[in-house]
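Predicted coordinates and the sequence they were generated for:
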Amino acid sequence: MDLALDQATKWLELFGDEIEKNKAYLSDLDTPIGDADHGFNMARGMEAVETSLAQKAPADLAGLFKQTAMALITKVGGASGPLYGTAFLEMSKQAAQTSELNSLLAAALAGIKKRGGAAAGDKTMVDVWEAVLPELAQGTLTDAKIDEAVEATKPLIAKKGRASYLGERSKGHIDPGAMSSGYLFKALLKAVA
Amino acid sequence: MKKIINDPSQVVAEMVDGLVRSYPDIVELIPETEAVVRADSDTMEGKVGLISGGGSGHEPAHAGFVGKGMLSAAVCGQVFTSPTPDQIYEAIKAADHGKGVFMVVKNYSGDVMNFDMAKDLAEMDDIRVKSIVVDDDIAVENSLYTQGRRGVAGTILMHKILGAAADQGASLDEIAALAQAVLPHIKTIGVALNAATVPEVGKPGFELKEDEIEYGVGIHSEPGYRTEKIKPSNELCQELLGKLDSELHLSEDKSYAVLVNGMGATPLMEQYIFSHDLLNQLEEKGIKPDFMRVGNYMTSIDMAGLSLTILELADEAWLDYLRYPVKTIAWNN
């Protein structure tokens, strides 16, 4: 399916709401295996996205995603800033050629993997993206399946990011980046419904 | 915590402001950033821009090495925190004079990711960007903020060599090849007497007993490889030089550059005493360095200790680059 500008705008709004609502929970998830700031950083970033879009309404999808990327990389910091920033920047580049949703998301995932060097099973946001994208393409993605993908990071041992320093001790915790990516896809489902 | 600061959250902004206003003939602020660019950027026409940066707290690195013959611009992140891609991107734009920009990045996950992202942004604007990730610290393989070895004081020698080449008109591809050639020959190892105190944290990054030292501590107080009782300078030198020897296989038939680097709170007097021991021990191996610098080049706020960098000058041209005239705040030939 093609993603329309108003759907994409709605997607970002819903994602921002979801992050704002859950920022303390996301930072709590980040406490045992990271540096306890993922929720607050993402909330600051999505607030900057909202401000940027309110100041200047983008003309097309490419513009919308570029503004989103710039706001995120300026305000989020850490690893999440460049990772989410890359996802939206790659979607912006891809949107110059196509507005087909699966193709946009595939470009985003390729960018995330290149930037962070993570593969499926490393206990990162990549695990959720890898699980969700094929389901979305087949039209079978549901909130429950997103939850399942997020939950599946819990037993994994982190291989990338700060959590990887903990080795075995990273087991038993949901990856905060996987959780925030879960919110991203739930917002998407709602926006395109 | 006892520091000459105002608001801990403003240390970087106030430091950068103080630096550029103290040396207006050498550097200026890139508007709305915490990045600095050469004040003589009008003389850079037709030359490749060279930029670096990273978290603050390592002064004079990197802003102190901006100037003719060395860096074109440097980005100052928050204390021990990578600068964001938008700031790095502004530095790339300021350093670009049509021939592209080369980035020297220290090997920390945050720095690598943020500089890479800035490169993508620049490429969307048709600015050619290449980079090297310096990983000269031989102490440990993986660390708190790093996959692989950390980038430390050897980075300054990389700045100097590449800066001289860029000033003499080397192309972006030539600079990239030079950086790749130099990198495997730079090795560094350090010793800490106590940890750094980040202003916003207010207490040291780790605790050592009054009579203890730790070998191989990183420049953000990352763990090293061994803690033991303090020893005379001569014996500390033996340990550090021994580690470097096992990597570089020091030989009287080769040529070397040496950097003895203070971590921030170690007096020059002690750095010169260490240098005395170092030169004696090298002499016993039949080695006399062709180039040497002693002082605070890549610090860790107020950490006491020092690092020893040895660069094997595998190519004679590298020595010329090290001796090439330069005008910066912290390095002048």
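Cool, the structure landed.

residues in contact with A:Lys10?
Contact analysis of A:Lys10 by CB atoms under 8 Å, 6 or more residues apart in numbering or on different chains lists A:190-191. C-beta coordinates here come from the backbone N, C-alpha and C atoms, glycine included.

Please, which helix or strand holds it?
Assessed by DSSP states H and E, A:Lys10 sits inside helix A:5-21.

Report the buried residues of that helix.
A:5, A:7-16, A:18-19 (16 or more other CB atoms under 10 Å in any protein chain shown).

Tell me how many other residues surround B:Lys209.
Neighbour count for B:Lys209, taken as other CB atoms under 10 Å in any protein chain shown: 10.

With B:Gly216 instead?
Neighbourhood size, B:Gly216 [other CB under 10 Å]: 24.

and if you look at B:Lys3?
The local packing of B:Lys3 (other CB under 10 Å) involves 12 other residues.

who in chain A is up against chain B?
Within reach of chain B by CB under 8 Å from any CB of the partner chain, chain A has these residues: A:70, A:73-74, A:77-79, A:81-83, A:85-86, A:89, A:93, A:115-117, A:160-162, A:164-165.

Take the residues you listed and keep only those in helices.
Per DSSP state H, helices hold the following members of the residues of chain A next to chain B: A:70, A:73-74, A:81-83, A:85-86, A:89, A:93, A:115-116.

Please produce a PyMOL select command covering the buried subset of the residues you listed.
Buried residues among these (16+ other CB under 10 Å), as a PyMOL selection:
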select buried, chain A and resi 70+73+74+81+82+83+85+86+89+93+115+116
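
can I get the ones in helices among the residues of chain A next to chain B in JSON lines with pLDDT and distance to B:Ile329?
Formatted as JSON lines, those follow (pLDDT from 0 to 100; distance: CB to CB, whole Å):
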{"residue": "A:Met70", "pLDDT": "95", "distance to B:Ile329": "31"}
{"residue": "A:Ile73", "pLDDT": "93", "distance to B:Ile329": "29"}
{"residue": "A:Thr74", "pLDDT": "91", "distance to B:Ile329": "28"}
{"residue": "A:Gly81", "pLDDT": "92", "distance to B:Ile329": "30"}
{"residue": "A:Pro82", "pLDDT": "94", "distance to B:Ile329": "30"}
{"residue": "A:Leu83", "pLDDT": "96", "distance to B:Ile329": "35"}
{"residue": "A:Gly85", "pLDDT": "96", "distance to B:Ile329": "32"}
{"residue": "A:Thr86", "pLDDT": "96", "distance to B:Ile329": "34"}
{"residue": "A:Leu89", "pLDDT": "96", "distance to B:Ile329": "35"}
{"residue": "A:Lys93", "pLDDT": "95", "distance to B:Ile329": "39"}
{"residue": "A:Arg115", "pLDDT": "93", "distance to B:Ile329": "33"}
{"residue": "A:Gly116", "pLDDT": "91", "distance to B:Ile329": "35"}
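
could the ones in helices among the residues of chain A next to chain B go into CSV alongside distance to B:Ala165?
Listed next are these as CSV, based on distance: CB to CB, whole Å:
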residue, distance to B:Ala165
A:Met70, 33
A:Ile73, 31
A:Thr74, 33
A:Gly81, 32
A:Pro82, 29
A:Leu83, 34
A:Gly85, 32
A:Thr86, 31
A:Leu89, 31
A:Lys93, 33
A:Arg115, 29
A:Gly116, 32
